[in-house]
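S.K.: Would you be able to build a 3D model of this:
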Amino acid sequence: MNIDSVEQIIRARRTIRTVSDQTISLEVIDELLTSSSYAPYHSKEEPWEVIIVANPCDRQLFVEKIMDSYDRLDTWANYDPQNVTKAKKRTREYFLDVPLTLIVTAPICESEKLNLEAIGAVSAFIQNFQLAAWSRDIGVTWRTIPVIFDEVFKQAVGVETNRQIIGLLDISVVDATMKLPTSRRKPVEQWTTHLSDKLTDIKGSN
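M.R.: Numbering: from 1, shown residues only. Sure, this is the predicted structure:
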């Protein structure tokens, strides 16, 4: 295993919000999903399920349901009333332009432990997909917009009532002309603590 190349992909990956008009074959998506399914999981069965939004009819329906949900959730109330019409137009056009979207879901578990494990496993699945896609010059935007919590939207796009949406993955080829965003992370020493030091700090604050 070439660890250096894995780490390089992890550090190089970016969220791509600029979409390309280049098509992505479903064969490639299937290959990426197969690689993604090697994420760790705690249950006896793999917890992830994926709905693919690819063909124009599916895309049109999907976008209409997003826009319906935005209206239902009164999302536009946060916008300047003079700009709402333009904002709706931009939003609709963006989602229509996205070449392909994956609706990634996890089971809803009554046990807090099992639910956490399911969400964690499906999140690892999504990150695997992002890294595998990036290695092929394909960008992914992992969206958790309010519509994913809208039960009416979930039903309208085929998500069963016993499942939760963990993310909408907007997928597009990374065009060579795109300006990739920079990525900054805090130094590791700012967010790691040894247990003994942590306990000492806690005792000192009491």
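S.K.: Please count neighbours and contacts with C-alpha atoms only from this point.
M.R.: Noted.
S.K.: residues in contact with the residue nearest the centre of the chain?
M.R.: Centroid-nearest residue in the chain: residue 142, 2.3 Å away (criterion: Cα atoms, centre = their mean). Listed by Cα atoms under 8 Å, 6 or more residues apart in numbering, the contact set of residue 142 reads 15, 167, 168, 169, 170.
S.K.: And the helices in this protein?
M.R.: 3-12, 26-36, 56-72, 84-97, 112-134, 151-156, 195-205 (DSSP state H).
S.K.: So what's the residue count around the residue nearest to residue 148 when sequence neighbours are not counted?
M.R.: Excluding its sequence neighbours, the residue lying closest to residue 148 (Cα to Cα, 6 or more residues apart in numbering) is residue 165, at 5.7 Å. Using other Cα atoms under 10 Å, residue 165 has 24 other residues around it.
S.K.: Over to residue 41?
M.R.: Neighbour number of residue 41 under other Cα under 10 Å is 19.
S.K.: mind listing what's buried in stretch 172-186?
M.R.: 172, 173, 174, 175, 180 (16 or more other Cα atoms under 10 Å).
S.K.: ugh, wrong one, I meant stretch 64-75
M.R.: 65, 66, 67, 69, 70.
S.K.: longest strand in the protein, by residue count?
M.R.: The residue-count maximum for a strand in the chain (DSSP state E) belongs to strand 163-173.
S.K.: Parallel or antiparallel, which strands does that one pair with?
M.R.: strand 100-107 (antiparallel), strand 138-143 (antiparallel) (DSSP bridges).
S.K.: What lies in contact with the longest one?
M.R.: I take that to be strand 100-107. 24, 47-54, 115, 118-119, 122, 126, 159, 162-172.
S.K.: filter the residues you listed to the buried ones?
M.R.: For those, buried by 16+ other Cα under 10 Å: 47-48, 53-54, 118-119, 122, 126, 159, 163-172.
S.K.: Point out where the chain drops to low pLDDT.
M.R.: 1-4 (pLDDT under 70).
S.K.: Neighbours of residue 128, how many?
M.R.: As a measure of burial, residue 128 has 21 neighbours, counting by other Cα under 10 Å.
S.K.: just checking, it touches residue 36?
M.R.: Yes - proximity of residue 128 to residue 36 meets the contact threshold set by Cα atoms under 8 Å, at 4.8 Å.
S.K.: In TSV: the buried residues of stretch 64-75, plus distance to residue 106.
M.R.: Shown next, in TSV, are the buried residues of stretch 64-75 (distance: Cα to Cα, whole Å):
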residue	distance to residue 106
65	20
66	20
67	23
69	21
70	23
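S.K.: Now for those residues: which two are most distant?
M.R.: 65 and 70 (8.6 Å; Cα to Cα).
S.K.: who are the neighbours in contact with residue 166?
M.R.: Residue 166 touches 104, 105, 106, 119, 122, 123, 144, 148, counting by Cα under 8 Å, 6+ apart.
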